[in-house]
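Participant: Quick one: sequence plus predicted model below, questions after.
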Amino acid sequence: MIQTLVPPPLRAAARAHRLGYALTPRALLLLAAGCLLSTPGFFHPRWIWAMLAWDILVMLLTILDAALLPAPGKISVERRFDNSPVLGEPTAVTIEVTQGSNQILEIRVTDALHPALDPMPATQRVLAYPRDAAQLTIECAPNTRGDVTLGKVHLRYRGALGLAERWAAADLEQNIRLYPPMERSPEDTAMYLLRIRQIALQKRRLRLRGLGREFESLREYQRGDELRNIAWPATARRGKLITREFTTERSQQVWIVLDAGRLSRTAFEIRRKAAATQLKESFRDRPSDDNFLLTVTQLDQASGAAIALAQAVMQAGDKAALLVYGRRIQQQLLPASGAGHLRQFVDSLSQVRAEGSEASHLSAAARLKHLQRRRGLILWITELADSARRPEVVDAAADLARRHMVLLVVLGHPELQQIANRDPANVEQMFVSTAATEILERRREILARLRAQGVLVVETTPGTVKADAINQYLEVKARGLL
């Protein structure tokens with residue numbers, strides 16, 4: 001699936017820059033050296049003519065060097081991505097330069113990438129031989145999600161004398177999409193697949209008739225059967241009452257709901273995954289090195305968890321749906337399965353944005369009740385707001401639990417527990433610890449009330465939300481709670 005998310009390569013011929021030409025440092029140094037000849041001119045005026053002759057010679061050679069430079073149209077540039085651009089993942093961008101002249105050109109290449117990929121564009125040198133593609137690689141790591149626009153690729157190339165430099169640019173502007181984290185480690189994938197196979201085998205051995213709504217077979221009507229289960233077409237054909245027999249549904253509908261309200265903007269730092277070139281420089285790989293830290297939000301982590309969860313849901317034979325909301329519904333996907341639906345998941349989650357106001361949880365619950373008529377699993381990733389009144393998400397989850405199985409994945413902050421457990425050294429720390437203890441106590445009461453109302457609650461952190469959400473879904477699946 002990852003290969004389908006790689007941006008398409010783009011190739012274009014270079015065009016002349018507005019300024020066109022420039023003098024190289026070598027030409028400027030030679031002109032400056034000519035000024036030294038003016039020093040004897042204070043004593044012998046004829047040396048002034050020597051200085052002018054030297055400068056004219058340098059300028060003539062510069063003009064000749066510039067005239068021999070190939071036109072920008074003979075140079076073509078291609079930009080391609082070696083892998084899909086994913087938040088926090090190493091991404092390699094390959095620039096390929098091909099020039100059709102008979103010269104060997106030293107070309108300086110600057111790719112105007114979006115700041116989400118490369119905050120400070122770097123210039124790299126490449127030696128381009130005639131009609132032979134020269135390549136260079138730019139290592140970067142996206143620091144956000146969504147659609148971004150890449151700029152032009154700027155070229156500066158010099159001739160054989162190195163006195164003149166020509167400026168050009170290849171119009172490689174394109175829109176690409178930066179995706180949330182969506183890779184699971186091979187060990188985790190193997191473990192989840194093993195559990196899914198075990199659950200499927202258990203379901204196959206224990207097929208409970210009469211408890212679900214998936215059609216199993218037809219049989220004669222028996223006293224006590226519900227009238228709604230009578231198959232009237234079969235009854236008309238056979239001349240006696242025939243009823244439908246059902247079994248437990250093997251394909252459930254799972255809604256993955258993400259809260260994109262104010263609290264989802266909470267940011268924290270995670271370790272970047274090192275690129276291949278960085279793995280060799282192990283002495284730089286230190287926790288204190290800012291180059292290896294990435295600032296992400298809770299919504300970024302929840303989006304990555306939603307993609308991994310959707311993969312697990314589809315691998316288990318269920319249908320996955322998506323709802324992302326803030327004050328309004330940002331993204332909505334109806335239950336389905338398959339590679340195309342998973343691609344829609346990734347595209348939708350790449351575009352969600354955290355809002356600055358509180359999310360409308362009751363509106364999201366009303367939309368879910370309208371979209372999901374039959375009983376399903378609502379896997380809701382959110383955070384409880386600390387306020388004097390009861391959070392709105394509590395009422396929304398309790399309302400949905402009357403019809404659906406609601407699994408509330410609540411994001412927490414481990415540092416809050418550390419503050420509450422520490423021994424205060426002064427009065428200020430004592431007040432802080434007391435406030436943290438009070439917040440945690442209110443949180444426990446709210447979660448206990450939710451569990452009493454039939455809501456399954458999982459407390460996790462942004463760093464472990466992916467694994468915890470998948471494990472709890474598989475636990476619900478194995479126990480047949482739906």
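Facilitator: Okay, I see it.
Participant: can you tell me the average pLDDT over the longest strand along the chain?
Facilitator: For the chain, the longest strand by residue count, based on DSSP state E, is strand 10-23. Mean pLDDT, strand 10-23: 86.
Participant: so how far is that strand from its chain's centroid?
Facilitator: 34 Å (C-alpha atoms, centre = their mean, to the nearest Å).
Participant: Packing partners of it?
Facilitator: strand 75-81, strand 153-158, strand 164-170 (3 or more C-beta pairs under 8 Å, 6 or more residues apart in numbering; DSSP states H and E). For glycine as for every other residue, the C-beta is placed from the backbone atoms N, C-alpha and C.
Participant: ok, now with 6 Å
Facilitator: strand 75-81, strand 164-170 (3 or more C-beta pairs under 6 Å, 6 or more residues apart in numbering; DSSP states H and E).
Participant: What helices and strands are in contact with the first one?
Facilitator: With contacts defined as 3+ C-beta pairs under 6 Å, 6+ apart, the secondary structure elements packing on strand 75-81 are strand 10-23, strand 91-99.
Participant: who are the neighbours in contact with residue 243?
Facilitator: 221, 225, 229-230 (C-beta atoms under 6 Å, 6 or more residues apart in numbering).
Participant: how would you label it: helix, strand or coil?
Facilitator: Secondary structure state of residue 243, per DSSP: H, G, I helix; E, B strand; the rest coil, is strand.
Participant: Run through the bridge partners of it.
Facilitator: Residue 243 has the following beta-bridge partners by DSSP bridges: residue 219, residue 230.
Participant: Would you check how far apart it and residue 315 are?
Facilitator: Applying C-beta to C-beta, to the nearest Å, one obtains 35 Å for the distance of residue 243 from residue 315.
Participant: Out of the helices and strands packed on strand 10-23, which is the most enclosed?
Facilitator: Highest mean neighbour count of the helices and strands packed on strand 10-23: strand 164-170, a mean of 23 (counted as mean count of other C-beta atoms under 10 Å).
Participant: just to revisit the earlier point, need the CA coordinates for the helix or strand that the longest strand of the chain is followed by. CSV is fine.
Facilitator: Helices and strands here follow DSSP states H and E; after strand 10-23, the next one along the chain is helix 25-35. Taking Å, rounded to 0.1, in the frame of the first residue of the first chain, the C-alpha atoms of helix 25-35 are listed here in CSV:
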residue,chain,number,x,y,z
PRO,A,25,34.5,34.3,-6.6
ARG,A,26,37.4,33.4,-8.9
ALA,A,27,36.6,36.2,-11.3
LEU,A,28,36.2,38.7,-8.5
LEU,A,29,39.5,37.7,-7.0
LEU,A,30,41.2,38.2,-10.4
LEU,A,31,39.6,41.6,-10.8
ALA,A,32,40.7,42.5,-7.2
ALA,A,33,44.3,41.3,-8.1
GLY,A,34,44.2,43.8,-11.0
CYS,A,35,43.7,46.6,-8.5
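Participant: Rounded mean pLDDT for the following helix or strand past helix 25-35, please.
Facilitator: Per DSSP H and E, the first helix or strand lying C-terminal to helix 25-35 is helix 46-68. Average pLDDT, helix 46-68: 81.
Participant: sorry, back to before: mind telling me which of the helices and strands packed on strand 10-23 the model trusts least?
Facilitator: Of all the helices and strands packed on strand 10-23, strand 164-170 has the smallest average pLDDT, which comes to a mean of 90.
Participant: and for it, what are the contacting residues?
Facilitator: Taking C-beta under 6 Å, 6+ apart as the rule, strand 164-170 contacts 12, 14, 16-17, 19, 21-22, 24, 62, 65-66, 69, 72, 77, 152-158.
Participant: quick check: angle from that strand to strand 75-81?
Facilitator: Taking axes from the mean of the first three to the mean of the last three C-alpha atoms, to 10 degrees, one finds strand 164-170 and strand 75-81 inclined to each other by 50 degrees.
Participant: Next secondary structure element downstream of strand 164-170?
Facilitator: Following strand 164-170 in sequence, per DSSP H and E, is strand 174-178.
Participant: Just the C-alpha atoms of that following strand, please, in PDB.
Facilitator: These are the backbone C-alpha positions of strand 174-178, laid out as PDB (Å, rounded to 0.1, in the frame of the first residue of the first chain):
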ATOM      1  CA  GLN A 174       3.800  20.200  -7.300                       C
ATOM      2  CA  ASN A 175       1.300  19.500  -4.500                       C
ATOM      3  CA  ILE A 176       2.100  16.400  -2.400                       C
ATOM      4  CA  ARG A 177       0.400  15.000   0.700                       C
ATOM      5  CA  LEU A 178       2.200  14.300   4.000                       C
END
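Participant: what comes up buried for that strand?
Facilitator: By 16 or more other C-beta atoms under 10 Å, the buried positions in strand 174-178 come out as 176-178.
Participant: Looking at those, which one is closest to residue 237?
Facilitator: Ranked by distance to residue 237 (C-beta to C-beta), these are led by residue 177 at 54.4 Å.
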